[in-house]
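>>> What follows is a predicted protein model with its sequence.
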Amino acid sequence: MSGHFRASPETSNLSNATPIIPSNAQRKLRKRILIALVGYKFFIFSFILLAIFLIPAFNIQKYEIAIHWPPGLSPTLESHFGTWDSALYIRLALAGYQKGSLYCAFYPLWPTLIRACDYLAPGCQVVGGLLLSNLFSLSGLYLFYCFVAERHGGALASRALVLIVAFPGALFFNFIYTESLFLLLIVLFFFLMLKERYLLAGVCGFFLPLTRAIGILCLLPAAWHYLRTTFPSSLTRQEELGRSHRLLNGRLFNGSMFCTIGILAGVLAYFSIMYFTTGNPLEGFEAQRQFPAGASVTRIFDLHGVISALTNVGSLHEPMNSALDRLCFLLFLAFLVPVWRLDRLYFFYALVTGLVPAMSNRFVSYTRYVILCFPIYIALARLLQGKRFLFWYVVGLMGAIQVILLIRHINFYWAG
């Protein structure tokens, strides 16, 4: 098999328009991209430290009434990195699941990794969590670039990378949140699945439901890939399919099943963990009711409630009525058609990662959730192709919003 992806049947005309970069030039370009991402991380944390010392605006009132880390009456430097969900993940990592605890709403893989860091360096939960999160996001963003470059060309990949990094919700790639880990896993999952390395893709798929709820929903794109490789359209030319695809045509049991099986095994593992730790496999879903948003999958079918929540705009960016969250959702809807035209596999992933969290959670934290809907950044990069001024205007606008949210987050004000 070639070292590059073959274009998917739905997008072969798009990918073929982009010349393949010679391997030496490609390696040099990827090295520059990696160096740029490392530089971006250093810049972000330099900015965070400067903001902490130069903009003393820490929300003491929220600190006193909300769960925070480290425990204590007075905030410390670590407190700026232990706000909101970061504190909950660290506490879960140390205390574990307990029946009736709101911590059960969170999925087990991320706190397990934090706990492993605590074993290696006791008392350094914040430092360990930050190192892991930034290592995962750095790797995930780099792999995202490589993935898009091999499917759509280096120029589009560079634009897509800049867009996803500049998006307001990308600030959580720098903190102790699951976004970094999930980005790495989902990009690896797609990368390996489309390389036809199905067993490794299944391993990545196993960890998706153990990281975030939307990992369970990744069954949809995995099932679509199985169907389109097992029963390819009669309109699809055989030469556009990989060799293994030709061998699998018409066979119900084939390697692509491992992608779906891996996710199903992860779902089973999640419910097993909840059962053995709390006695109730559905404890995680019940714990969601303890949060103001009260997320529930049944809310997806309450269209009146969804529309009512969508029109409930009462602030620029507060938890329950954020204008920014709803604007991000409308932008997501606008890009569903371009994503459909780009690749059906992208579309089914975007559908579950962009639509379900919005409807089930009534748009709370949507600016953060949609950062994992990576196909929309590929579609946006295509839309802005050849529009240099507009591209940098969009990047600058999103980046400015991200800076504001970043300052809010480290000072215990709501950011997502």
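Nice, thanks for sending it over.
>>> what's the average pLDDT for stretch 205-222?
Throughout stretch 205-222, pLDDT has a mean value of 97.
>>> Work out the gap between it and the centre of the chain.
Taking C-alpha atoms, centre = their mean, to the nearest Å, one finds stretch 205-222 lying 11 Å from the centre of the chain it belongs to.
>>> likewise stretch 200-214?
Counting by C-alpha atoms, centre = their mean, stretch 200-214 is centred 12 Å from the centre of its parent chain.
>>> What's the end-to-end length of it?
Stretch 200-214 stretches 20 Å from its first residue to its last (C-alpha to C-alpha, to the nearest Å).
>>> which residues touch it?
For stretch 200-214, the external contacting residues (C-beta atoms under 8 Å, 6 or more residues apart in numbering) are 107-110, 178, 181-182, 185-186, 188-189, 192-193, 215-216, 218, 222, 258-263, 265-267, 269-270, 273, 352-353, 356-357, 369, 372. Every residue, glycine included, has its C-beta placed from N, CA and C.
>>> Flag every buried residue along it.
Using 16 or more other C-beta atoms under 10 Å as the burial criterion, the residues of stretch 200-214 that qualify are 200-214.
>>> Looking at those, which one is closest to Ser133?
Distances from Ser133 to the buried residues of stretch 200-214, taken as C-beta to C-beta, are shortest for Thr211 (12.4 Å).
>>> sec struct for that closest one, please.
What DSSP: H, G, I helix; E, B strand; the rest coil gives for Thr211 is coil.
>>> Please tell me how far it sits from Trp69.
Thr211 sits 20 Å away from Trp69 when distances are taken as C-beta to C-beta, to the nearest Å.
>>> One more: Lys62?
In this view, Lys62 and Trp69 are 13 Å apart by C-beta to C-beta.
>>> The two - which one has more neighbours?
Set side by side, Lys62 and Trp69 show unequal neighbour counts under other C-beta atoms under 10 Å, the larger going to Trp69 at 22 against 15.
>>> Secondary structure element holding the more buried one?
Trp69 is part of no helix or strand, with elements assigned from DSSP states H and E.
>>> And the pLDDT for it?
At Trp69, the model reports a pLDDT of 95.
>>> how much space is there between it and Ser180?
Taken as C-beta to C-beta, the span from Trp69 to Ser180 is 18 Å.
>>> Equivalent analysis for Arg341, please.
30 Å.
>>> Of these two, which one has the most company?
Neighbours of Arg341 and Ser180, each counted by other C-beta under 10 Å, are more numerous for Ser180; the result is 24 against 15.
>>> Would you agree that one is in contact with Leu141?
No. Applying C-beta atoms under 8 Å as the test, Ser180 and Leu141 come out as separate, 9.1 Å apart.
>>> tell me, what's touching the two both at once?
Joint contacts of Ser180 and Leu141 (C-beta under 8 Å, 6+ apart) are Phe173.
>>> ok, the residue nearest the centre of the chain - contacts?
By C-alpha atoms, centre = their mean, the chain has its centre lying nearest to Leu372, at 2.8 Å. Applying C-beta under 8 Å, 6+ apart to Leu372 gives the contacts 179, 182-183, 186, 212, 214, 353.
>>> Can you pick out the ones from those that are in helices?
Of the positions in the contacts of Leu372, 179, 182-183, 186, 214 sit in helices, assigned by DSSP state H.
>>> Now do Leu73, the pLDDT please.
On the pLDDT scale, Leu73 is placed at 79.
>>> Measure how buried it is and give me the count.
Leu73 has 6 neighbours, counted by other C-beta under 10 Å.
>>> do you know how far it is from Leu220?
47 Å.
>>> same deal with Ile55?
Applying C-beta to C-beta, the value for Ile55 to Leu220 is 43 Å.
>>> between the two, which one's more packed in?
Each of Ile55 and Leu220 has its neighbours counted (other C-beta under 10 Å); Leu220 has more, 19 against 11.
>>> so the more buried one makes contact with Ala350?
No. Taking C-beta under 8 Å as the definition, Leu220 is not a contact partner of Ala350, at 10.4 Å.
>>> ok, and the closest non-adjacent residue to Gly284?
Using C-beta to C-beta, 6 or more residues apart in numbering and skipping residues adjacent in sequence, the residue nearest Gly284 is Cys104, 5.1 Å away.
>>> Spatially, what comes nearest to Pro70 if we skip its sequence neighbours?
Nearest non-adjacent residue to Pro70, counting by C-beta to C-beta, 6+ apart: Glu78, 5.5 Å away.
>>> ugh, wrong one, Leu138
Closest residue to Leu138 apart from its sequence neighbours, by C-beta to C-beta, 6+ apart: Leu37 at 5.6 Å.
>>> Now for the one you found: which residues touch it?
138, 141-142.
>>> Which parts of the chain are strands?
With DSSP state E, there are no strands along the chain.
>>> how much space between Leu252 and Ala201?
Distance from Leu252 to Ala201, by C-beta to C-beta: 19 Å.
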